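>>> Sequence below, structure please.
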Amino acid sequence: MGWFSSGSPFDPDVEKATSESNTTENWNLILEICDKVGTSAINSKDCLKAITNRLNHADPHVVLQAITLLEACVKNCGTAFALEVASRDFEQELSKLLRQKHQPKIHEKLKLLLKSWAEEEFKNDPQLSLIPSLYYKLKQEGMDFNVQPDPSNRVSDASYFVLNSCNSPST
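Residues are numbered from 1 along each chain as shown. Below is the predicted model of the structure:
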(Lines give C-alpha, C1' and ligand atoms only; values in the text may rest on other atoms or scores of the structure.)
Protein backbone atom coordinates (compact mmCIF):
# COMPACT_ATOMS: atom_id res chain seq x y z
CA MET A 1 0.00 0.00 0.00
CA GLY A 2 3.02 2.32 0.11
CA TRP A 3 2.08 5.88 0.89
CA PHE A 4 -0.94 4.89 2.97
CA SER A 5 0.59 2.05 5.00
CA SER A 6 2.29 3.97 7.81
CA GLY A 7 0.47 5.09 10.93
CA SER A 8 -1.17 8.47 11.28
CA PRO A 9 -1.87 10.64 14.32
CA PHE A 10 -5.49 10.64 13.12
CA ASP A 11 -5.79 6.84 13.35
CA PRO A 12 -7.45 6.71 16.82
CA ASP A 13 -10.14 9.28 15.97
CA VAL A 14 -10.78 7.90 12.49
CA GLU A 15 -11.01 4.37 13.88
CA LYS A 16 -13.50 5.55 16.49
CA ALA A 17 -15.57 7.45 13.89
CA THR A 18 -15.67 4.38 11.64
CA SER A 19 -15.85 1.66 14.28
CA GLU A 20 -17.49 -1.68 13.56
CA SER A 21 -19.64 -1.14 16.65
CA ASN A 22 -21.12 2.21 15.55
CA THR A 23 -24.83 2.06 14.87
CA THR A 24 -25.00 5.57 13.39
CA GLU A 25 -22.55 8.20 12.25
CA ASN A 26 -20.99 10.12 15.12
CA TRP A 27 -21.29 13.60 13.63
CA ASN A 28 -19.75 15.26 16.68
CA LEU A 29 -16.59 13.19 16.22
CA ILE A 30 -16.64 13.60 12.43
CA LEU A 31 -16.80 17.38 12.81
CA GLU A 32 -14.11 17.26 15.50
CA ILE A 33 -11.86 15.43 13.03
CA CYS A 34 -12.63 18.06 10.37
CA ASP A 35 -11.80 20.77 12.88
CA LYS A 36 -8.45 19.10 13.74
CA VAL A 37 -7.58 18.86 10.04
CA GLY A 38 -8.33 22.55 9.53
CA THR A 39 -6.49 23.99 6.56
CA SER A 40 -3.18 22.27 7.32
CA ALA A 41 -1.58 20.31 4.48
CA ILE A 42 0.20 18.01 6.95
CA ASN A 43 -2.99 17.29 8.88
CA SER A 44 -4.87 16.77 5.62
CA LYS A 45 -2.33 14.19 4.46
CA ASP A 46 -2.31 12.39 7.83
CA CYS A 47 -6.10 12.30 8.06
CA LEU A 48 -6.45 11.01 4.50
CA LYS A 49 -3.97 8.22 5.30
CA ALA A 50 -6.11 7.16 8.25
CA ILE A 51 -9.32 7.31 6.20
CA THR A 52 -7.73 5.34 3.37
CA ASN A 53 -6.79 2.56 5.78
CA ARG A 54 -10.46 2.33 6.75
CA LEU A 55 -11.58 2.41 3.09
CA ASN A 56 -9.59 -0.81 2.70
CA HIS A 57 -11.13 -2.49 5.76
CA ALA A 58 -12.75 -5.92 5.38
CA ASP A 59 -15.97 -4.87 7.16
CA PRO A 60 -18.36 -3.11 4.74
CA HIS A 61 -19.88 -1.12 7.62
CA VAL A 62 -16.47 0.41 8.35
CA VAL A 63 -15.92 1.22 4.67
CA LEU A 64 -19.31 2.97 4.38
CA GLN A 65 -18.53 5.10 7.43
CA ALA A 66 -15.08 5.91 6.03
CA ILE A 67 -16.71 7.15 2.81
CA THR A 68 -19.00 9.41 4.85
CA LEU A 69 -16.02 10.75 6.80
CA LEU A 70 -14.09 11.30 3.56
CA GLU A 71 -16.91 13.34 2.08
CA ALA A 72 -17.29 15.37 5.28
CA CYS A 73 -13.59 16.24 5.15
CA VAL A 74 -13.75 17.23 1.48
CA LYS A 75 -16.75 19.47 2.14
CA ASN A 76 -15.46 20.99 5.37
CA CYS A 77 -11.67 21.19 5.29
CA GLY A 78 -11.03 23.35 2.27
CA THR A 79 -8.36 23.32 -0.37
CA ALA A 80 -5.60 21.58 1.59
CA PHE A 81 -7.69 18.42 2.02
CA ALA A 82 -9.04 18.59 -1.54
CA LEU A 83 -5.47 18.77 -2.85
CA GLU A 84 -4.62 15.57 -0.96
CA VAL A 85 -7.69 13.84 -2.40
CA ALA A 86 -6.64 15.01 -5.87
CA SER A 87 -3.07 13.75 -5.40
CA ARG A 88 -1.76 11.00 -7.68
CA ASP A 89 -1.49 8.62 -4.71
CA PHE A 90 -5.12 8.96 -3.66
CA GLU A 91 -6.39 9.07 -7.25
CA GLN A 92 -4.75 5.67 -7.78
CA GLU A 93 -6.20 4.38 -4.51
CA LEU A 94 -9.68 5.57 -5.47
CA SER A 95 -9.33 3.99 -8.91
CA LYS A 96 -8.35 0.69 -7.27
CA LEU A 97 -11.29 0.86 -4.87
CA LEU A 98 -13.74 1.58 -7.69
CA ARG A 99 -12.44 -1.36 -9.74
CA GLN A 100 -12.73 -3.83 -6.85
CA LYS A 101 -15.84 -5.91 -6.38
CA HIS A 102 -17.44 -4.53 -3.24
CA GLN A 103 -20.89 -4.89 -1.87
CA PRO A 104 -23.18 -2.90 -4.18
CA LYS A 105 -23.87 -0.24 -1.54
CA ILE A 106 -20.15 0.55 -1.18
CA HIS A 107 -19.58 0.63 -4.92
CA GLU A 108 -22.59 2.91 -5.49
CA LYS A 109 -21.57 5.27 -2.69
CA LEU A 110 -18.03 5.57 -4.07
CA LYS A 111 -19.37 6.22 -7.57
CA LEU A 112 -21.78 8.89 -6.29
CA LEU A 113 -18.95 10.58 -4.44
CA LEU A 114 -16.58 10.56 -7.43
CA LYS A 115 -19.35 11.86 -9.70
CA SER A 116 -20.16 14.66 -7.25
CA TRP A 117 -16.52 15.71 -6.97
CA ALA A 118 -15.93 15.57 -10.74
CA GLU A 119 -19.10 17.44 -11.68
CA GLU A 120 -19.18 19.90 -8.78
CA GLU A 121 -16.50 20.44 -6.11
CA PHE A 122 -13.39 19.68 -8.20
CA LYS A 123 -14.71 20.64 -11.63
CA ASN A 124 -13.25 24.11 -12.13
CA ASP A 125 -9.95 23.90 -10.27
CA PRO A 126 -7.01 22.76 -12.43
CA GLN A 127 -5.10 21.69 -9.28
CA LEU A 128 -7.83 19.12 -8.63
CA SER A 129 -8.05 17.81 -12.20
CA LEU A 130 -7.00 14.22 -11.47
CA ILE A 131 -10.38 13.48 -9.90
CA PRO A 132 -12.52 14.67 -12.85
CA SER A 133 -10.03 12.92 -15.18
CA LEU A 134 -10.50 9.64 -13.29
CA TYR A 135 -14.28 10.02 -13.46
CA TYR A 136 -14.29 10.58 -17.22
CA LYS A 137 -11.77 7.78 -17.78
CA LEU A 138 -13.91 5.29 -15.84
CA LYS A 139 -17.02 6.45 -17.71
CA GLN A 140 -15.18 5.93 -21.00
CA GLU A 141 -14.25 2.43 -19.85
CA GLY A 142 -17.94 1.69 -19.35
CA MET A 143 -18.46 2.24 -15.62
CA ASP A 144 -22.05 3.32 -15.05
CA PHE A 145 -22.36 6.43 -12.89
CA ASN A 146 -26.12 6.81 -13.38
CA VAL A 147 -26.91 5.69 -9.86
CA GLN A 148 -29.53 7.21 -7.64
CA PRO A 149 -28.68 8.04 -4.04
CA ASP A 150 -30.14 5.57 -1.59
CA PRO A 151 -32.29 7.48 0.94
CA SER A 152 -30.69 5.42 3.72
CA ASN A 153 -27.26 6.29 2.30
CA ARG A 154 -26.25 9.29 4.39
CA VAL A 155 -23.32 10.49 2.27
CA SER A 156 -25.13 13.75 1.47
CA ASP A 157 -25.49 14.58 5.17
CA ALA A 158 -21.92 15.80 5.16
CA SER A 159 -22.97 18.82 3.10
CA TYR A 160 -25.02 20.10 6.03
CA PHE A 161 -22.03 20.27 8.35
CA VAL A 162 -19.75 23.01 7.14
CA LEU A 163 -17.37 24.21 9.80
CA ASN A 164 -16.20 27.79 9.59
CA SER A 165 -13.05 26.87 11.48
CA CYS A 166 -11.98 24.48 8.71
CA ASN A 167 -12.45 27.11 6.05
CA SER A 168 -10.60 29.89 7.83
CA PRO A 169 -6.83 30.32 7.76
CA SER A 170 -5.02 28.31 10.40
CA THR A 171 -3.45 30.19 13.26
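>>> For this protein, which segments count as helices?
Ranges of helices in the chain, per DSSP state H, are 11-17, 27-37, 41-55, 60-76, 78-85, 88-99, 104-116, 130-140, 164-167.
>>> which intervals of the chain have sub-threshold pLDDT?
1-6, 150-171 (pLDDT under 70).
>>> Quick test: name the residue nearest the centre of this protein.
Leu70 (2.5 Å; C-alpha atoms, centre = their mean).
>>> how about the spatially closest residue to that one that is not a sequence neighbour, what does it touch?
Leaving aside its sequence neighbours, Leu70 sits nearest to Ile51 (C-beta to C-beta, 6 or more residues apart in numbering; 5.2 Å). Quick note: C-beta positions are derived from backbone N, CA and C, even for glycine. Contacts for Ile51 (C-beta atoms under 8 Å, 6 or more residues apart in numbering) come out as 10, 14, 66, 69-70, 73.
>>> Can I get the helices of the chain in TSV including distance to Lys123?
As requested, the helices of the chain are exported to TSV (distance: least, C-beta to C-beta, whole Å):
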stretch	distance to Lys123
helix 11-17	27
helix 27-37	22
helix 41-55	20
helix 60-76	13
helix 78-85	12
helix 88-99	15
helix 104-116	10
helix 130-140	6
helix 164-167	19
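>>> Those helices: which one's closest to Pro149?
Across the helices of the chain, Pro149 has its closest neighbour in helix 104-116 (6.0 Å, C-beta to C-beta).
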